[in-house]
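Visitor: What would the 3D arrangement of this be:
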Amino acid sequence: MGKLNLFELAELQLIREGKNNFTDKELLSRAVTIRKWLDLHRQKTAEAIMQGQEVYQYGNTIKTYARI
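Guide: Numbering: from 1, shown residues only. Just a heads-up that it's a prediction; the model follows:
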């Protein structure tokens, strides 16, 4: 999978959550949420999660990513 833009990531996440009939407002809101998350966690962590890694280190804390 190539690099996705924020709106593609937001759409993919909404579909994974079973929300197939979402509005543009919901899509924009999710894209903003993803951008804030990326700003906080760095690109490397995001790429690891997208590749299937479920446990990652954030600072001195080990965190888990629960797949839906």
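
Visitor: residue contacts, residue 11?
Guide: 22, 27 (Cβ atoms under 8 Å, 6 or more residues apart in numbering). Every residue, glycine included, has its C-beta placed from N, CA and C.

Visitor: Helices of this protein, start to end?
Guide: For the chain, the helices defined by DSSP state H occupy 6-16, 24-50.

Visitor: most tightly surrounded among these?
Guide: The highest mean neighbour count among the helices of the chain, using mean count of other Cβ atoms under 10 Å, belongs to helix 6-16: a mean of 15.

Visitor: tell me the angle that one makes with helix 24-50.
Guide: For helix 6-16 against helix 24-50, the angle by axes from the mean of the first three to the mean of the last three Cα atoms, to 10 degrees is 90 degrees.

Visitor: What average pLDDT does helix 6-16 get?
Guide: In this model, helix 6-16 carries a mean pLDDT of 87.

Visitor: try stretch 30-43
Guide: Rounded mean pLDDT across stretch 30-43 is 82.

Visitor: May I have it as CSV, with CA atoms only?
Guide: Only the C-alpha atoms of stretch 30-43 are listed here, as CSV (Å, rounded to 0.1, in the frame of the first residue of the first chain):
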residue,chain,number,x,y,z
ARG,A,30,-11.8,12.2,11.5
ALA,A,31,-9.1,13.6,9.3
VAL,A,32,-8.4,16.3,11.9
THR,A,33,-8.3,13.7,14.7
ILE,A,34,-5.8,11.6,12.7
ARG,A,35,-3.6,14.7,12.0
LYS,A,36,-3.5,15.5,15.7
TRP,A,37,-2.6,11.9,16.5
LEU,A,38,0.2,11.9,13.9
ASP,A,39,1.6,15.2,15.3
LEU,A,40,1.7,13.6,18.7
HIS,A,41,3.1,10.1,17.8
ARG,A,42,5.5,10.7,14.8
GLN,A,43,5.4,9.1,11.4
